[in-house]
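Student: sequence and predicted structure, then a few things I'm wondering about:
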Amino acid sequence: MRDIIRFGTAPTLVDIVTANAVATMPHLQRLLIVGYNHVTNYLFSCLAKYCHELKVLRVSKCDKITDEAIESLVDGCPLVEDLALRRGNNLSIRYSNI
């Protein structure tokens with residue numbers, strides 16, 4: 001494991017700041033986001049674009065994530081082996097059990 005970011009409840013952080021942070025970590029392998037409900041498709045697109053070594057992604061409150069984000073992540077991060085999304089209310093049946 002090279003990089004781990006753990007966010008607790010941090011209502012002042014925004015999705016763009018998080019995405020910009022991961023854009024500077026091309027060797028990021030694990031990302032755990034817990035208790036932070038501002039994660040959107042934008043973060044997933046940045047992960048797909050910059051973090052090709054990502055193996056583990058766990059997001060606890062991802063009610064703003066859509067199928068498009070999952071597909072982008074799968075295309076850009078082929079090494080992902082552990083993907084856990086909770087509260088994915090905008091995901092179709094296809095991805096709702098991830």
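Tutor: Done, it's in. Residues are numbered from 1 along each chain as shown.

Student: SS state for Leu83?
Tutor: Three-state call for Leu83 (DSSP: H, G, I helix; E, B strand; the rest coil): strand.

Student: please enumerate the strands of the protein.
Tutor: Under the criterion DSSP state E, the chain carries strands at the ranges 6-7, 30-33, 56-59, 82-85.

Student: quick one: closest of those to Val17.
Tutor: Evaluated over the strands of the chain, closeness to Val17 peaks at strand 6-7, with 10.5 Å, by CB to CB. From N, CA and C alone the C-beta is placed, and that goes for glycine too.

Student: for the closest one, what is the average pLDDT?
Tutor: Average pLDDT, strand 6-7: 50.

Student: in this protein, which residue is most central in space?
Tutor: In the chain, the residue lying closest to the centroid (CA atoms, centre = their mean) is Phe44, at 5.0 Å.

Student: still on that earlier bit, tabulate the strands of the chain (a markdown table), appending mean neighbour count and distance to Thr66.
Tutor: Shown next, in a markdown table, are these (neighbours: other CB atoms under 10 Å; distance: least, CB to CB, whole Å):
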| stretch | mean neighbour count | distance to Thr66 |
| --- | --- | --- |
| strand 6-7 | 14 | 21 |
| strand 30-33 | 18 | 16 |
| strand 56-59 | 20 | 13 |
| strand 82-85 | 15 | 11 |
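
Student: lowest-confidence stretch among those strands?
Tutor: Lowest mean pLDDT of those: strand 6-7, a mean of 50.

Student: so what pLDDT did the closest residue to the residue nearest to the centre of the chain other than its chain neighbours get?
Tutor: The shortest distance from Phe44 to any non-neighbouring residue, by CB to CB, 6 or more residues apart in numbering, is to Ala69 (3.7 Å). For Ala69, the pLDDT comes out at 86.

Student: all set, thanks.
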